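Chemist: Structure, please.
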Amino acid sequence: MCIKLQMAEGVINEAEWNFFLRGGQVLDRSTQPARPPFDWITPQAWDNVCELEKALPETFTGIANAVALGPKDWHRWYLSVKPAPPESAQLPGEWETKCEDRLKKMIVLRCFRTDRVIFAIRNYVEHFMRKEFIENRPTILKDVIDSS
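Modeler: Numbers count the residues shown, from 1 in each chain. Below is the predicted model:
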């Protein structure tokens, strides 16, 4: 609902939203740069990062090179817990300012840490709507029976 409202307002870039939902679809790895020799960058993550540059070049040109040349900063972000987990932590280097909105940051998170995407989505909805939209209310059996 949050995304549909933002799409209606023209806030959401449809190409970015589609990449966030589907990730990068690799058809030919022969033109892809070699994956850096770091065990924390999975082949799937590297595929997504490389395809991100192709799919959304206006924002993400150079991100694969940035990861390859600055592995310590990216690894620190990847593993961040304190003061914030990756979905809330600042992206390394210039990428914090290049990814000026929350959706772009969630796209980068999706490339590396799919396990943290659900938390980023919750933060996103809470930011643009209200906390009530992400909270689970307890089911009261009597109310269910009465309504049926």
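
Chemist: Buried residues, stretch 101-108. List them.
Modeler: Within stretch 101-108, the residues scored as buried using 16 or more other CB atoms under 10 Å are L103, K104, K105, M106, I107, V108. Every C-beta, even on glycine, is put in place using the N, C-alpha and C of the backbone.

Chemist: What is the most widely separated pair among those?
Modeler: L103 and V108 (10.1 Å; CB to CB).

Chemist: Tell me which residues are up against stretch 3-13.
Modeler: E14, W17, L103, F128 (CB atoms under 8 Å, 6 or more residues apart in numbering).

Chemist: Convert the C-alpha atoms of it to PDB, please.
Modeler: Output of stretch 3-13 as PDB, limited to C-alpha atoms (Å, rounded to 0.1, in the frame of the first residue of the first chain):
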ATOM      1  CA  ILE A   3       4.600   1.800  -2.500                       C
ATOM      2  CA  LYS A   4       1.300   2.100  -4.500                       C
ATOM      3  CA  LEU A   5       0.600   5.500  -2.800                       C
ATOM      4  CA  GLN A   6       4.100   6.700  -3.600                       C
ATOM      5  CA  MET A   7       3.800   5.500  -7.200                       C
ATOM      6  CA  ALA A   8       0.600   7.400  -7.500                       C
ATOM      7  CA  GLU A   9       2.400  10.500  -6.200                       C
ATOM      8  CA  GLY A  10       5.300   9.900  -8.700                       C
ATOM      9  CA  VAL A  11       7.900   9.400  -5.900                       C
ATOM     10  CA  ILE A  12       8.900   5.900  -6.800                       C
ATOM     11  CA  ASN A  13      11.000   5.200  -9.900                       C
END
